[in-house]
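**Q** Here is my input, please return the structure:
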Amino acid sequence: MLHPKIKEFQDMLAKNPTKPQWESTPAEVRAGASSKWKPEYLGVADPVAKVEYRYISGPTAELPMKIYTPEGIGPFPAVVFFHGGGWVAGNIELNAVQHQQIAHDARAVVVAVNYQKAPEHKFPIPFDDCYATLEWVHANAAELNINVEEIGVAGDSAGGNLAAAVALKARDVKGPQIAFQILFYPAVDYKFDYPSMIDNATGYSLTTQGMKWYWDQYMATDADLANPYFRPMAEVNLKGLPPTFTLTAELDPLRDEGEIFAKRLEEAGVRSVLKRYDSLIHGFGLMQGFLPEARVAIRDIAENIREFINPRVS
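**A** Model prediction:
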């Protein structure tokens, strides 16, 4: 059953309907995503010691970043966060409350990057931007007051795809050591006949047809489908990846692929924690202003980060 607060939210959005993604230009999709999220929906985060903007040189562009440093002495753990939006929309400001709340609750430095967007910049450009951000954070850990051994990656939706892909590459090329990954309703498979894709195809904000449109904006060629950095579910060997916390929503087309990926990680010997949030939809993590469960999810993320970097002895 749909959460009453989510129903209120959707009823409000229905008063000003927008065109579906597949009938829109990327610019229209971006404008619609931004206008949908009013400040009262996004809420206000608890305070942190410092919020700072930076630019770094990515492989093909200068990349804006926003860095949240918590109260305290440090060195702190770090979360390199890749925002969602179907690789097309979204930005570091839209996710700002979520990012700051993670910094506060986890007492971690959160580094959020505004990677380049599809379809103007298709795979692998957004992925390369995100991997370069991880490398930059690792190289500048001391200046950022970060414990270099406690750097993790995280992302929601398309950002979850990017986080999983970055973790795979870091393992494959023996790049920066990643201490954990947080996958928030991640898009990890180009497959649209999972039961959740069928059962939740329409009526819950993100649609299955819309998700396919997003993937197709990101994909450069059909050959990308076999590339785990584009489609993480394509990776045969998931051994050697960092401890992972996967969050899924019951009424989300992406639910099943996220949960299957989490189980595959566990089967590969990776420490894998999975939590499904019942009655909720894709994107609920942004609903910090009116949905208590959105704050619960951030607390769950913080608890898992702490446990991953400092496991309790059982």
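
**Q** What's the local residue count around residue 310?
**A** Here the number of neighbours of residue 310 (other C-beta atoms under 10 Å) works out to 9. Quick note: C-beta positions are derived from backbone N, CA and C, even for glycine.

**Q** Name the surrounding residues that touch the one helix or strand residue 259 maps to.
**A** Under the criterion of DSSP states H and E, residue 259 resides in helix 255-267. Contact with helix 255-267 is made by 160, 164, 183, 185-189, 191, 194-197, 200, 232-233, 238, 241, 244, 246-249, 272-274, 276, as judged by C-beta atoms under 8 Å, 6 or more residues apart in numbering.

**Q** give me that answer again for 6 Å
**A** 185-186, 188-189, 194-196, 238, 244, 246, 248, 272, 274 (C-beta atoms under 6 Å, 6 or more residues apart in numbering).

**Q** same thing with stretch 272-291?
**A** Contacts for stretch 272-291 (C-beta under 6 Å, 6+ apart): 1, 3, 5-6, 40-43, 97-98, 156, 184-185, 204-206, 244-252, 262, 265-266, 293-294, 297, 304.

**Q** List the buried residues for the helix holding residue 259?
**A** 255, 256, 257, 258, 259, 261, 262, 264, 265 (16 or more other C-beta atoms under 10 Å).

**Q** just stretch 39-49 next, same as before
**A** So for stretch 39-49, counting by 16+ other C-beta under 10 Å, buried means 41, 42, 43, 45, 48.

**Q** Can you pick out the ones from those that are in helices?
**A** 41, 42 (DSSP state H).

**Q** Among the buried residues of stretch 39-49, which one lies nearest to residue 120?
**A** Of all the buried residues of stretch 39-49, residue 120 sits closest to residue 42, with 25.9 Å by C-beta to C-beta.

**Q** So that closest one sits against residue 97, correct?
**A** Yes: under the criterion of C-beta atoms under 6 Å, residue 42 makes contact with residue 97 at 5.0 Å.

**Q** Let me see the ranges of the helices in the stretch 1-150 of the chain.
**A** Using DSSP state H, counting those that start in this stretch, the helices of the stretch 1-150 of the chain run over 4-14, 26-36, 39-42, 96-106, 125-139.

**Q** Only whichever of the contacts of helix 255-267 are buried, select them in PyMOL.
**A** To isolate the buried members of those in PyMOL, using 16+ other C-beta under 10 Å:
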select buried, resi 185+186+188+189+194+196+238+244+246+248+272+274
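
**Q** which residues pair with the closest residue to residue 163 other than its chain neighbours across the strands?
**A** Distances taken as C-beta to C-beta, 6 or more residues apart in numbering place residue 155 nearest to residue 163, at 3.7 Å, with adjacent residues excluded. Here residue 155 sits in beta bridges with residue 82, residue 183, going by DSSP bridges.

**Q** Now do the same contact list for residue 155.
**A** Residue 155 sits next to 82, 162, 163 when contact means C-beta under 6 Å, 6+ apart.

**Q** Reformat these as JSON lines; add distance to residue 53, neighbour count and pLDDT.
**A** Below are those laid out as JSON lines (distance: C-beta to C-beta, whole Å; neighbours: other C-beta atoms under 10 Å; pLDDT from 0 to 100):
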{"residue": "82", "distance to residue 53": "17", "neighbour count": "32", "pLDDT": "98"}
{"residue": "162", "distance to residue 53": "21", "neighbour count": "31", "pLDDT": "99"}
{"residue": "163", "distance to residue 53": "22", "neighbour count": "30", "pLDDT": "99"}
